[in-house]
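J.: Provided below for reference: sequence and predicted model.
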Amino acid sequence: MTFLAPRTRYAAIILLVALLAALTVAVFRARVEAHANRVELAMDFQDFDALARAYDYNPAAFLIALRRAGLTSLAVTEELGSNIGYDGKAYAVTGGALLNQSRISPIHDPLLATLVRSKRIREGAVYLLVSDPSTYHRYLTQLALHFEPRSVRVLRATRPWLIEVRTQIDYFNNTALGIPTDQIELAHRLALLLIPRFQNDERFAAPQINALFNDVLRYDPKVSTVIFFGLRNQVIGYPDHLQDAADAFKRHVFNFGSIETYDDSQIQKGNDTLGRLIPGRTVRVQAIAKTELDKLKLDEVIARYVLGARERNVRVIYLRPWDHRDGNLSIEATNVEMVKSIAGELKAGGLRLGRATPIPEYHGNNRLLVGIAALAVPSIFVLLLEVLGWYRRWPAVTAYALTILLYLAGLVTHHDMFARSVIALAGALLFATAAFLILIPAWNETPAPQLRTQLLRSLGWTLAATGVALLGALVVVGVMSSPLAMTEIDRFRGVKLVLALPPLIALLLYVFDRRFGSGVNRPADVLLSPVLTYQLIAGIVVIAAGALMLIRSGNEADIAPSQFELSLRHILTHVLSVRPRLKEFLVGFPAMMLLAALPIAHRRAVGWILALGIGVGIGDIIDTFSHLHTPIEISILRIVNGLVIGAIIGALLIWIYRRSPLASR
């Protein structure tokens, strides 16, 4: 890049101020992430209880062993109508079933027998026979929340209590009837935090929502996080009473558990809205479905949970019991060992166990500070105009005006995260362009005769391009780092574009900017040049590789990694603690290292491949920091590890090239 012209010095000064603002945001964010490091290890009680009963384990003793191993919480779920009778405390039957039963055998309950004889049994109603006092009172409370008063009748107010519910059995089976009291008392007795799981009823308003929470708090005030479930996959209060739900969370100081998903269609309805209504109160929850759990090895399960807590800001690890033996251990001992291993690895990684700590509102999300950081985008745009020889005053002024107007419009219309995403994406692509342009001298210099000198030169160019790319990453961090983005309530929608566009930008710059020495004198020459077979094949391979790279991006891709890649990832994670990204240390950094080491003739022959490889690396560096749920410390370690390994691979390739016959041609 050339020295700055006087007309762009103001842009350079503003850029420096904006980068300092972005760095301030990053420092504030890193401090918050360091303090919000408490993780809950929660066990699903339904699955746990089923396992304990299946193998005749003592549930209390089993839970005590798990608590000593590191378990912090017990997740208890509302009882559905279809599950009544499993614990022997109640029995549910339809009126039609009672009438059919009376035709073949006598009914022993005198009141039911009388109702049958007098034809006062309603075929479509549901009859509850309850023998436990706390269960009876819970049913009365919960039925009053879901049904009209005239639909629920207490036919006998003494033990065994008899309740008639006028409803359809299908609806009743899917109705939540509260959390069994004995489960809440068990968690309280064993000093475990409580994670209640509620199912939404779309008719619920403030009175019903408060009654739902109070019914649990009456028995145990140690509620840490609330998680929702249900066939409709909704949070409480959806769709019309989310503000009432938010008020209940604020009143009781609960965490809201946002379940991590890999597909937007799986996100609970109302999840994002509720998260926005209670900023600084959301924690990410990671769970593995039972159907998937049975397909995994125990060490894979442990590694996945630990990875989620360390690298994706997961603060509630939602465990289901492991229904297999590990070696000579019993199933009970295997589950204890699983919890112990997860707890041990979390502590070794600097995390604490206890009540999950959400990402709170913090100084780095200050609107003025973010607005100043956003000015880095028009500033780098102006500097790029100068470098490319396209500078005019009106585009420079327009760039600043559009950035300010877009940011202010986002604040006024309450769509600030959309505006910030657009600004951050523009900044990522502009800094990616600058990172590639910084390598112009490397495309034209003659390789050094000494290997050691060349390695130092290549490393210098690699560090230069990486440094500029990291400035782009810093701008993304400075503009996008809100608590809602860090918990994926708000999402940076430009992540895939940050991966896809830098290689294309690098290729276009290489082909059409003469300073890269591609040999193209006129743009028309590219379109009119004949295409050889090997070039066509190479182009198809590159396009396929790019499509595969985009499909494979994200935590859960449609195309699974090969077994070799999974093994390589496992080894890198085990050795380096934070696994570097393959696109960086196998493609991007080696391409940067090789660039200046090739003679100009060879460089021109493979120039387009080098340009694409360098573009992939630059884009991936910025993309690493675009995953805002990943702590900054982890992203920095990932880049450092990738740079070290990539530089070593690049140095090895240079050494091999210099000793090959190609070097003498």
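T.: Looks like it arrived, so ask away. These figures come from a predicted structure and were not determined experimentally.
J.: and this protein, what are its domain boundaries?
T.: 6-32+362-664, 37-78+179-353, 82-173 (automatic domain parsing).
J.: show me the contact partners of stretch 152-169.
T.: With contacts defined as Cβ atoms under 8 Å, 6 or more residues apart in numbering, stretch 152-169 is touched by 94, 109, 111-112, 115, 122, 124-131, 133, 136, 139-140, 143-144, 147, 150-151, 172, 175. All C-beta atoms are positioned from the backbone trio N, CA, C, and that covers glycine.
J.: residues near Val495, how many?
T.: Neighbourhood size, Val495 [other Cβ atoms under 10 Å]: 20.
J.: so it is in contact with Ser626, correct?
T.: Yes. Here Val495 lies in contact with Ser626, judged by Cβ atoms under 8 Å, at a distance of 5.0 Å.
J.: for Gly460, see how far away Ile639 is.
T.: Here the criterion is Cβ to Cβ, to the nearest Å. By it, Ile639 lies 17 Å from Gly460.
J.: look at those two and report which has more neighbours.
T.: Ile639 (23 against 12).
J.: avg pLDDT for the helix or strand hosting that one?
T.: Taking DSSP states H and E as the criterion, Ile639 maps to helix 632-658. Averaging pLDDT along helix 632-658 gives 95.
J.: buried residues of it, list them for me.
T.: For helix 632-658, the neighbour count (16 or more other Cβ atoms under 10 Å) marks 632, 634-639, 641-643, 645-647, 649-651, 653-654, 657 as buried.
J.: likewise for stretch 459-473?
T.: 459, 461-462, 464-466, 468-473.
J.: got it, and stretch 46-66?
T.: Of the residues in stretch 46-66, 46-49, 51-52, 57, 59, 62-63, 65-66 count as buried by neighbour count, 16+ other Cβ under 10 Å.
J.: from the chain's centroid, how far away is that stretch?
T.: Offset of stretch 46-66 from its chain centre (Cα atoms, centre = their mean, to the nearest Å): 31 Å.
J.: tell me the two of the buried residues of stretch 46-66 that are most distant?
T.: Gln46 and Ala65 (19.1 Å; Cβ to Cβ).
J.: where along the stretch 251-400 of the chain do the helices fall?
T.: 271-277, 290-293, 298-311, 331-348, 367-374, 376-388, 393-412 (DSSP state H, counting those that start in this stretch).
J.: those helices into JSON lines, with extra columns for mean neighbour count and mean pLDDT?
T.: Listed next are those as JSON lines, based on neighbours: other Cβ atoms under 10 Å; pLDDT from 0 to 100:
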{"stretch": "helix 271-277", "mean neighbour count": "20", "mean pLDDT": "95"}
{"stretch": "helix 290-293", "mean neighbour count": "12", "mean pLDDT": "88"}
{"stretch": "helix 298-311", "mean neighbour count": "20", "mean pLDDT": "93"}
{"stretch": "helix 331-348", "mean neighbour count": "19", "mean pLDDT": "96"}
{"stretch": "helix 367-374", "mean neighbour count": "20", "mean pLDDT": "96"}
{"stretch": "helix 376-388", "mean neighbour count": "23", "mean pLDDT": "95"}
{"stretch": "helix 393-412", "mean neighbour count": "15", "mean pLDDT": "95"}
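J.: in a markdown table: these, plus distance to Phe431.
T.: Output for the helices of the stretch 251-400 of the chain, formatted as a markdown table (distance: least, Cβ to Cβ, whole Å):
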| stretch | distance to Phe431 |
| --- | --- |
| helix 271-277 | 29 |
| helix 290-293 | 39 |
| helix 298-311 | 24 |
| helix 331-348 | 35 |
| helix 367-374 | 13 |
| helix 376-388 | 6 |
| helix 393-412 | 14 |
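J.: give me the buried positions along the host helix or strand of Ser134.
T.: Taking DSSP H and E as the definition, Ser134 sits inside helix 133-146. For helix 133-146, burial by neighbour count (16+ other Cβ under 10 Å) applies to 135-136, 138-139, 142-143, 145-146.
J.: could those residues go into JSON lines alongside pLDDT and distance to Pro441?
T.: Shown next, in JSON lines, are the buried residues of helix 133-146 (pLDDT from 0 to 100; distance: Cβ to Cβ, whole Å):
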{"residue": "Thr135", "pLDDT": "95", "distance to Pro441": "79"}
{"residue": "Tyr136", "pLDDT": "96", "distance to Pro441": "83"}
{"residue": "Arg138", "pLDDT": "94", "distance to Pro441": "75"}
{"residue": "Tyr139", "pLDDT": "96", "distance to Pro441": "78"}
{"residue": "Gln142", "pLDDT": "94", "distance to Pro441": "73"}
{"residue": "Leu143", "pLDDT": "95", "distance to Pro441": "78"}
{"residue": "Leu145", "pLDDT": "93", "distance to Pro441": "72"}
{"residue": "His146", "pLDDT": "94", "distance to Pro441": "73"}
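J.: which stretches of the chain have low pLDDT?
T.: For the chain, the stretches with pLDDT under 70 are 1-5, 519-566, 663-665.
J.: quick one, strands of it?
T.: For the chain, strands defined by DSSP state E occupy the ranges 38-44, 73-77, 90-94, 126-130, 152-156, 161-165, 193-199, 225-229, 255-259, 282-287, 314-319, 352-353.
J.: make JSON lines from those strands and add distance to Asp299 and mean neighbour count to it.
T.: Output for the strands of the chain, formatted as JSON lines (distance: least, Cβ to Cβ, whole Å; neighbours: other Cβ atoms under 10 Å):
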{"stretch": "strand 38-44", "distance to Asp299": "17", "mean neighbour count": "25"}
{"stretch": "strand 73-77", "distance to Asp299": "23", "mean neighbour count": "26"}
{"stretch": "strand 90-94", "distance to Asp299": "42", "mean neighbour count": "19"}
{"stretch": "strand 126-130", "distance to Asp299": "46", "mean neighbour count": "23"}
{"stretch": "strand 152-156", "distance to Asp299": "51", "mean neighbour count": "15"}
{"stretch": "strand 161-165", "distance to Asp299": "48", "mean neighbour count": "21"}
{"stretch": "strand 193-199", "distance to Asp299": "26", "mean neighbour count": "24"}
{"stretch": "strand 225-229", "distance to Asp299": "26", "mean neighbour count": "24"}
{"stretch": "strand 255-259", "distance to Asp299": "24", "mean neighbour count": "25"}
{"stretch": "strand 282-287", "distance to Asp299": "17", "mean neighbour count": "24"}
{"stretch": "strand 314-319", "distance to Asp299": "15", "mean neighbour count": "27"}
{"stretch": "strand 352-353", "distance to Asp299": "20", "mean neighbour count": "14"}
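J.: alright, calling it a day.
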